[in-house]
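need a 3D model of the sequence below.
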Amino acid sequence: MTRYEVVWVVSKTMGRSEGASQGKKLMGFPNLKFIAGNSSVICNAQRLIEKQKINPRDAIHIASAINKKITEIASDDSEFHFVKEMKRVPL
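From the prediction side, this is the model:
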């Protein structure tokens, strides 16, 4: 999901070729690990959507972090500020 968002934003602002290039760079980022969006993550994301009224993509990010016992997220997205399970750390 995060890779998709990077490619989408870069493509929108700098063109599709640059979006693809940056997506490829992200895949090679040192120590970056991608996790599966399994049924546990999706079910937890749905609960967050219902409980906290956050958008689906943000809920998937939060649910993924919670499943990995992560308690902080680096983001300037103010929507994360209202999620009780996660501390937002501004960029």
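
local confidence estimate at the residue most central in space within the chain?
In the chain, the centroid-proximal residue (CA atoms, centre = their mean) is His61; its distance is 3.7 Å. Here, the pLDDT recorded for His61 equals 89.

swap in Met1?
Met1 is given a pLDDT of 59.

ok, the residue lying farthest from the centre of the chain - contacts?
In the chain, Ser17 marks the outermost C-alpha relative to the chain mean, sitting 22.3 Å out by CA atoms, centre = their mean. With contacts defined as CB atoms under 8 Å, 6 or more residues apart in numbering, Ser17 has no neighbours. C-betas here are computed from N, CA, C, even on glycine.

any idea how far it lies from Phe29?
According to CB to CB, to the nearest Å, Ser17 and Phe29 sit 20 Å apart.

what about the residue farthest from the centre of the chain, helix or strand, and which?
helix 16-27 (DSSP states H and E).

also Val10?
Per DSSP H and E: helix 2-14 holds Val10.

hmm, which helix or strand of this protein has the shakiest average pLDDT?
Across the helices and strands of the chain, mean pLDDT, DSSP states H and E gives its lowest value to helix 2-14, namely a mean of 87.
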